[in-house]
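K.L.:
With the sequence up front, the predicted model follows.
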Amino acid sequence: MALGLCLAPATAQAQSLEDVLARLERLEQENRQLRQEVDSLKGAAPISAAPAPVAISTAETEPSATPIRNVEAPTPENDRALAAVELNSGLFVSRASDVSYRMLDPTTHTSRKPLMLLDARRQGDLRDGGVYLGGAITALANYQETNRNSKFGYLMRHPTSANQIGETASEAVLHSAQLSVTANVTPWITAYAELLYDPEQSFGAGTITAVGRNQMQLRKGYVMFGDLEASPYYAAIGKMEAPFGLMDTVSPFTASTVWHAFGGLAWGALAGYSKDGLNIALEAVQGGSQFRSLATSVEGTNVPSRLNNFVADANYTFDLGGEGRDLMAGASYVHGSAYCHGFPVVHFNPCVDDNPAYAVYGQLNYDRWTANAEFAKTLEEWPGTFNPTPPLNQFAASKVSSWGVGARYAAELAGQEVHLSTEFSTYVAGPKGSPWRRQDQLVFGLAAFPASHVKLFSEVVLVEGYVPLNFLSGGNLGPGVSWSDADAKTQVLLVGANVAF
């Protein structure tokens with residue numbers, strides 16, 4: 001009897017396995033037949049009045065193409081419908097490496113990823129009803145030098161003496177790892193979520209090996225409503241980049257100083273319009289201190305309990321004649337920038353008063369050339385840039401501005417695309433003569449693309465000035481002393497790879 005009890009589950013499992021294998025075989029046969037039908041239509045196969053016999057696939061023979069009964073001749077409309085049927089016949093989660101690369105790339109379309117996702121659906125890069133899993137990993141090695149002890153002004157890793165000591169620093173690290181899920185629930189509804197691991201730019205305390213700096217976070221996540229094929233209007237709710245400014249860079253890795261100064265990330269509700277080169281975006285942003293570069297006062301606190309911040313952006317793309325030749329020009333406004341804190345300046349402290357900002361920008365694409373230009377500035381002085389303690393009290397509070405220009409050339413070498421780029425950007429936070437006056441960044445970049453979703457890169461980065469956001473005008477080193485140093489210089493040489501899948 002014991003033997004019988006043992007054999008019963010085994011027999012049931014064997015039968016279950018046989019059922020699964022039989023079902024898989026049937027599904028494979030149906031899939032082959034469906035592909036034959038699609039191929040027949042695309043090849044303008046003759047139309048038969050009666051179904052032709054279907055050859056049964058064996059190990060030695062493949063099924064022959066089968067004419068389709070009572071089907072219209074191929075047209076753009078039914079071609080698209082059949083392609084949708086084929087795409088939706090998959091049983092597993094799909095991947096679209098090129099789309100993943102564009103969505104996870106922090107150097108392009110930085111402030112308008114939701115619109116880019118909808119555009120990918122419109123172009124047919126993502127199927128209706130599909131679920132896509134993507135990811136990207138960026139690894140790099142670098143060597144840094146500074147003329148000031150433990151003051152490294154390279155912004156792609158948070159400047160902190162907990163991680164960069166002395167006058168030289170070197171690293172071989174994983175800069176970031178990302179995972180994304182895109183679900184095209186219906187033609188009008190898309191859900192997107194992105195996980196990020198970024199120990200080099202984490203706000204966690206401690207060294208780069210501390211647990212607090214080695215956490216995964218939901219960097220972005222939102223539900224979108226819209227189908228650009230049917231309507232130019234769209235909307236989204238969730239955690240996303242603020243549509244403020246351009247925030248792109250022509251460099252292969254290092255972000256523009258403008259992004260470091262004004263690139264926003266927040267909870268909010270976005271509404272947009274996109275048609276015939278005109279793009280308009282309005283976002284209601286959660287108040288208080290948000291994740292990045294956005295803050296308003298809520299009853300004198302930084303508690304994000306009201307939708308009392310907003311961002312507006314509009315840009316237009318001019319066709320210059322010919323494919324790959326266009327000029328985009330735009331402007332943005334944000335009601336509450338991050339430059340609203342009093343002295344001493346500390347991340348995410350409550351605002352003294354809301355401080356709006358504006359941005360103007362342009363991007364030129366002309367054959368193999370790409371050029372960016374951008375300027376952003378607050379409308380009011382940043383209260384925290386005034387240190388009331390002598391001798392630093394001689395420097396008045398200042399408005400904050402940042403601007404950048406850059407150009408990139410896409411060459412071809414040994415059959416592969418190679419990018420050569422140069423970009424200058426600067427951050428200005430104080431009056432002339434102050435230690436926190438400005439921080440300049442000059443980047444020379446080289447990138448190669450062995451695949452459309454793989455980038456190998458190298459950069460030389462030259463930084464003048466050292467202006468960390470926290471305590472930039474002093475407040476934690478004793479009276480009349482500031483971390484900032486206008487004469488600090490940093491040189492960086494780096495190589496790396498960005499691989500998306």
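P.N.:
Structure received.

K.L.:
Number of residues surrounding G221?
P.N.:
For G221, the number of neighbouring residues by other Cβ atoms under 10 Å comes to 16. All C-beta spots, glycine's among them, are computed from the backbone N, C-alpha and C.

K.L.:
Do a quick rundown of the helices in this structure.
P.N.:
With DSSP state H, the ranges of helices along the chain come out as 2-42, 76-87, 97-104, 113-122, 257-262.

K.L.:
got the contact list for the third one?
P.N.:
Applying Cβ atoms under 8 Å, 6 or more residues apart in numbering, the set of residues contacting helix 97-104 from outside is 108-109, 113, 116-117, 120, 125-126, 132, 134-136, 178, 180, 182, 192, 194, 451-453, 500-501.

K.L.:
distance of S293 from Q33?
P.N.:
Distance check for S293 against Q33: by Cβ to Cβ, to the nearest Å, it reads 55 Å.

K.L.:
Between the two, which has more neighbouring residues?
P.N.:
In this view S293 and Q33 are compared by other Cβ under 10 Å, and S293 has more residues nearby, 23 against 14.

K.L.:
Was I right to think the more buried one contacts M247?
P.N.:
No. Using Cβ atoms under 8 Å, S293 is not in contact with M247; the gap is 9.9 Å.

K.L.:
Identify the contacts common to the two.
P.N.:
262-263.

K.L.:
Just name the shakiest helix or strand of the chain by mean pLDDT.
P.N.:
helix 76-87 (a mean of 41; mean pLDDT, DSSP states H and E).

K.L.:
Weed out the non-buried ones from the contacts of helix 97-104.
P.N.:
Among those, those classed as buried by neighbour count (16 or more other Cβ atoms under 10 Å) are 108-109, 113, 117, 120, 126, 132, 134-136, 178, 180, 182, 192, 194, 453, 500.

K.L.:
Counting only strands, which of those residues make the cut?
P.N.:
Using DSSP state E, 132, 134-136, 178, 180, 182, 192, 194, 500 are the members of the buried ones among the contacts of helix 97-104 that sit in strands.

K.L.:
And the furthest pair within those residues?
P.N.:
Spanning the widest gap among those are Y192 and A500, at 15.3 Å by Cβ to Cβ.

K.L.:
The helices of the chain: lowest mean pLDDT?
P.N.:
Ranked on mean pLDDT, the bottom entry among the helices of the chain is helix 76-87, at a mean of 41.

K.L.:
can you map out the strands along the stretch 151-300 of the chain?
P.N.:
168-186, 189-197, 216-225, 233-241, 265-275, 278-285 (DSSP state E, counting those that start in this stretch).

K.L.:
oh, I was asking about the stretch 351-500 of the chain
P.N.:
In the stretch 351-500 of the chain, strands defined by DSSP E, counting those that start in this stretch lie at 357-366, 369-378, 401-413, 416-428, 438-451, 454-466, 485-500, listed in chain order.

K.L.:
CSV for those, including mean pLDDT and distance to S297?
P.N.:
As requested, the strands of the stretch 351-500 of the chain are arranged in CSV below (pLDDT from 0 to 100; distance: least, Cβ to Cβ, whole Å):
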stretch, mean pLDDT, distance to S297
strand 357-366, 99, 16
strand 369-378, 99, 15
strand 401-413, 98, 22
strand 416-428, 98, 24
strand 438-451, 98, 27
strand 454-466, 98, 30
strand 485-500, 98, 31
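
K.L.:
so can I have JSON lines of those showing distance to S94?
P.N.:
Listed next are these as JSON lines, based on distance: least, Cβ to Cβ, whole Å:
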{"stretch": "strand 357-366", "distance to S94": "30"}
{"stretch": "strand 369-378", "distance to S94": "30"}
{"stretch": "strand 401-413", "distance to S94": "29"}
{"stretch": "strand 416-428", "distance to S94": "26"}
{"stretch": "strand 438-451", "distance to S94": "18"}
{"stretch": "strand 454-466", "distance to S94": "19"}
{"stretch": "strand 485-500", "distance to S94": "15"}
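
K.L.:
right, so of those strands, which gets closest to G277?
P.N.:
Relative to G277, the nearest member of the strands of the stretch 351-500 of the chain by Cβ to Cβ is strand 357-366, separated by 12.7 Å.

K.L.:
could you say what helices and strands the closest one packs with?
P.N.:
With contacts taken as 3 or more Cβ pairs under 8 Å, 6 or more residues apart in numbering; DSSP states H and E, strand 357-366 sits against helix 257-262, strand 325-334, strand 369-378.

K.L.:
Partner strands of that strand, with direction?
P.N.:
Strand 357-366 sits in its sheet next to strand 325-334 (antiparallel), strand 369-378 (antiparallel), going by DSSP bridges.

K.L.:
so how far is A331 from the nearest residue to Q290 once chain neighbours are set aside?
P.N.:
Across the structure, with Cβ to Cβ, 6 or more residues apart in numbering as the measure, the residue nearest Q290 apart from its sequence neighbours is A266 (3.7 Å). Remark: distance between A266 and A331 (Cβ to Cβ) = 20 Å.

K.L.:
So these two - more neighbours on which side?
P.N.:
When A266 and A331 are compared for neighbours, A266 comes out ahead with 25 against 13, by other Cβ under 10 Å.
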